[in-house]
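**Q** can't give you the sequence, but here's the structure:
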DNA sequence: TATGAATGAGAGTTCATTCAT
DNA sequence: AATGAATGAACTCTCATTCAT
């Protein structure tokens, strides 16, 4: 019976996924430290001990959530092509917002723990963010070289740009404001990119200040 | 003996301050939840019980740290005058960075807990951030009205501006990059304000700055 | 499997009962305050934490003991019928002594804590004692009205009668003298009722009894 | 200076007495276990450590209260002369009530702890009560011998008589009813003695029941 | 003698984890 | 595979007692 183990494995993986979904939701609501294993089991309507057939420890569940988030997000990041025009930037950013909206519980959990735990920060948050950071950094450096961008210092600017891009989703992560629809994601991306490119100030005909 | 009680009070307040400094540092390093009362006491080289002569509970220490941060920061916020010119913005932002640098352990602890604990978020973080947010929002709205700023949507823009301004200090809060000197604070403030006002793009028509 | 939950519930209730029995015995021996949770657990040969699967707190165990005592005693109190003749009084009092003998550890614990804790006093001791008090009070008042009893002041007399009835069990509660057999209960009840009705003095005029 | 030590001793004894008065009052209000040393010191307006110049431990204070109660009560007990007539009994009982009223905090503390602590019970409560018990027992035995009292069993009867006599002061000890005036003490003593001697029942002309 | 800050053993309680069923 | 009662180390907090001033 060559597919018996396979079926078992599929069942096993499916159960693991269910546990991660529920755990991520509860972690996101109450925080990792304030979530009891019993609560996760109760939400899944299984016994406490059963969880330990699927994960070695509570922390293991957290790390699996991180892994899942990362592997869901990474492919998307790989797809980022050349950033040439304003519309390239808008498209990538809108897409990133979409992914965030789809991954809210995972993301929130990741950020909450990453803030306090360097292991997680390094292993997961950095992986995602660093990739974005580097692409943005390269992009800025190259445009400064071509003269399209002003000769700013690329490193702090990159950091500021990331802050600018992600600040609007912070209240959503915190549950203060509702998630964004795809249309809202696109509009927000446009506003952010325009702010980045042209600033907030109306250009005088001649740049005297 | 008119100053006997006063001396006692001073000793008491001094001790409280020492405890807060040490506790804030450890909280900032390990997080509130992962810090044991015994560790704080050991770092101070006092008995566990001695802590309870100065604070009612571990949580009380955290709240006292919040209070201290808030009362250190609030007067500075009150001093923010009219934001009229680019230099006003730069001055205020540079000043804010200075305060952050002086309050690193306190601030880091506050943010870490605020992320997970709405009580603290509302009572402390919001107090500080909301004030800044409102000033920035008013400023943007008025400049849009006068036609100095483009007719952007003020609310998400405010959020993005705050993200842009605070993103550079995040790695410092996390202890990843070293604190900034006052000169660096000023330089960073200038870069941030210029990015906000004019964006990153060289002006196509007559790009001389 | 319709009785699976039932079996579990029975096990749970049985365990709770075992814990209450042991705890009541130790409380009765050493007092509530001087009994450590660890001691109760050790006497039951279980871990400290296991106790908390059955009761929320040490105090909860105490209150459960009170509840059990009360619900064991109350039905008996409800059965008290009309008190008409000497034999009615004797029967009720003998019955009451029997119940006390059966509930020694519970009763001793209840009295010990009730003396120091008004909450327990009101919620448990008063419930039992007050019922008896009122029946006795009514009985005395009605007999005074009919002229069967001398025109004494019913309230302090009721108090004295209760003292008279319960004083003999105090040394037993304290563990100084051994519990009474049912026969001894009856004999004591007769002696007490006769003392109440006729006093200790031989009748001067025509002393035949 | 031969009387310097004496003056010091007097001061010392006076201080001790003040401490005992205050401690007894607080013990009576809250119970020994629930009273903190700090509370006693605060009520006396002295430092915690100062208490330890006068007593070796908190428990020592309790024992000293017991001692004081006993030595205040014992002389009174020694004075009890022959119990011959009804009026002898009334006088002694009224006197005993008076002493109880004067010693309320001490007495309440003693009883509260004696109930839970055999050391105290044996050393103090028994000393007082046992003396009364023996006098009462002798009295009853002798009167039974002379034929003045019915041929009852003296031991349980003594116990019941003591219960009858002391039951009225229990609510006062508990603070439920206010202390008695000397007149009330006398009236209660008369009622108690009459109940003891003649019972509650009206004597029929001829003792048929 | 008086002080009161410092002490630290020990209390009740929690909860991630185990394992016999 | 599933169960959930049992576990016990580890936590925060209390307070009688001490001792340098």
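**A** Structure received. Computed from a predicted model, the values in this text were never measured in an experiment.

**Q** got a pLDDT number for residue A:46?
**A** You'll see residue A:46 listed with a pLDDT of 96.

**Q** correction: the previous question concerned residue A:203.
**A** pLDDT, read off for residue A:203, is 66.

**Q** nearest residue to residue A:34 in space, please, no chain neighbours.
**A** Computed as CB to CB, 6 or more residues apart in numbering or on different chains, the closest residue to residue A:34 that is not its neighbour in sequence is residue B:116, at 7.6 Å. (C-beta placed from N, C-alpha, C; glycine too.)

**Q** show me what the lowest-mean-pLDDT helix or strand in chain A is packed up against.
**A** Every helix and strand in chain A was compared by mean pLDDT, DSSP states H and E; the lowest is helix A:118-120, with a mean of 76. Counting contacts by 3 or more CB pairs under 8 Å, 6 or more residues apart in numbering or on different chains; DSSP states H and E, helix A:118-120 is packed against helix A:58-78, helix A:104-116.

**Q** please identify the deepest-packed of those helices.
**A** Sort those by mean neighbour count, taking mean count of other CB atoms under 10 Å in any protein chain shown, and helix A:104-116 sits at the top with a mean of 22.

**Q** buried residues, the longest helix anywhere in chain A. List them.
**A** In chain A, with assignment by DSSP state H, the single longest helix is helix A:4-30. The neighbour-count check on helix A:4-30 (16 or more other CB atoms under 10 Å in any protein chain shown) flags A:15, A:16, A:19, A:20, A:22, A:23, A:24, A:25, A:26, A:27, A:28 as buried.

**Q** residue ranges with poor pLDDT in chain A?
**A** A:1-5, A:203-209 (pLDDT under 70).

**Q** what residues does it have near DNA strand E?
**A** Counting by CB under 7 Å from any atom of the strand, chain A comes close to DNA strand E at A:35, A:36, A:37, A:38, A:48, A:49, A:52, A:56, A:57, A:58, A:59.

**Q** buried ones among these?
**A** Judged by 16+ other CB under 10 Å, buried ones among the residues of chain A next to DNA strand E: A:35, A:37, A:58.

**Q** for residue D:86, state which of those residues is nearest.
**A** residue A:37 (75.4 Å; CB to CB).

**Q** wait, what's in contact with that closest one?
**A** By CB atoms under 8 Å, 6 or more residues apart in numbering or on different chains, the contact list for residue A:37 reads A:48, A:51, A:58.

**Q** contacts only, for the last one.
**A** With contact taken as CB under 8 Å, 6+ apart, residue A:58 is in contact with residue A:37.

**Q** by proximity to chain C, which residue of chain A wins?
**A** When scored by CB to the nearest CB, chain A has residue A:38 as its residue closest to chain C, at 11.5 Å.

**Q** what's the distance between that residue and residue C:41?
**A** Taking CB to CB, to the nearest Å as the measure, residue A:38 falls 21 Å from residue C:41.

**Q** got it, and residue A:23?
**A** 32 Å.

**Q** same check on residue A:115?
**A** Taken as CB to CB, the span from residue A:115 to residue C:41 is 39 Å.

**Q** ok and the helix or strand containing residue A:195 relative to helix B:182-198, angle-wise?
**A** Remark: residue A:195 resides in helix A:182-198, with elements defined by DSSP states H and E. With axes from the mean of the first three to the mean of the last three CA atoms, to 10 degrees as the basis, helix A:182-198 and helix B:182-198 are set at 110 degrees to each other.

**Q** list of residues touching helix A:182-198?
**A** Counting by CB under 8 Å, 6+ apart, A:86, A:89-91, A:93-94, A:97-98, A:101, A:161, A:164-165, A:168, A:180, B:150, B:152-153, B:156-157, B:160, B:195-196, B:198-201 sit against helix A:182-198.

**Q** tell me which residues in that helix are buried?
**A** Taking 16+ other CB under 10 Å as the criterion, helix A:182-198 shows A:184-198 as buried.

**Q** and for stretch A:140-147?
**A** Neighbour-count burial for stretch A:140-147 flags A:140, A:143, A:144 (criterion: 16+ other CB under 10 Å).

**Q** just how off-centre is it within its chain?
**A** With CA atoms, centre = their mean, to the nearest Å as the basis, stretch A:140-147 stands 27 Å off its chain's centre.

**Q** quick one: residues in contact with it.
**A** A:149, A:150, A:151, A:152, A:154, A:157, A:158, A:161, B:200, B:202.

**Q** ok so, going back, got the angle between the longest helix of chain A and helix A:104-116?
**A** 70 degrees.

**Q** hmm, helix A:4-30 touching chain B?
**A** No - if you take CB under 8 Å from any CB of the partner chain as the test, helix A:4-30 misses chain B, and the best it gets is 8.5 Å.

**Q** show me what that helix packs onto, helices and strands only.
**A** Short answer (3+ CB pairs under 8 Å, 6+ apart): helix A:4-30 packs on helix A:37-44, helix A:48-54, helix A:58-78, helix A:104-116.

**Q** who are the packing partners of the second one?
**A** It refers to helix A:48-54. Partner elements for helix A:48-54 (3+ CB pairs under 8 Å, 6+ apart): helix A:4-30, helix A:37-44.

**Q** ok, which of these comes nearest residue B:123?
**A** Nearest of the helices and strands packed on helix A:48-54 (CB to CB): helix A:4-30, 19.0 Å.

**Q** got the angle for the closest one vs helix A:58-78?
**A** Using the same axes, to 10 degrees, the inter-axis angle of helix A:4-30 relative to helix A:58-78 is 90 degrees.

**Q** so does helix A:4-30 get close to DNA strand F?
**A** Yes - Helix A:4-30 reaches DNA strand F (CB under 7 Å from any atom of the strand) through A:8, A:12, A:15.

**Q** tell me the contacts of the closest residue to the second one other than its chain neighbours?
**A** The reference is to residue A:12. Excluding its sequence neighbours, the residue lying closest to residue A:12 (CB to CB, 6+ apart) is residue A:54, at 7.2 Å. For residue A:54, the contact set (CB under 8 Å, 6+ apart) comprises A:12, A:15, A:16, A:19.

**Q** which one of these is nearest to residue A:132?
**A** Checking the contacts of residue A:54 against residue A:132 by CB to CB gives residue A:16 as the nearest, at 28.1 Å.

**Q** OK, contacts around the closest one?
**A** A:54, A:55, A:64 are the contacts of residue A:16 under CB under 8 Å, 6+ apart.

**Q** try residue A:63
**A** A:120, A:123.
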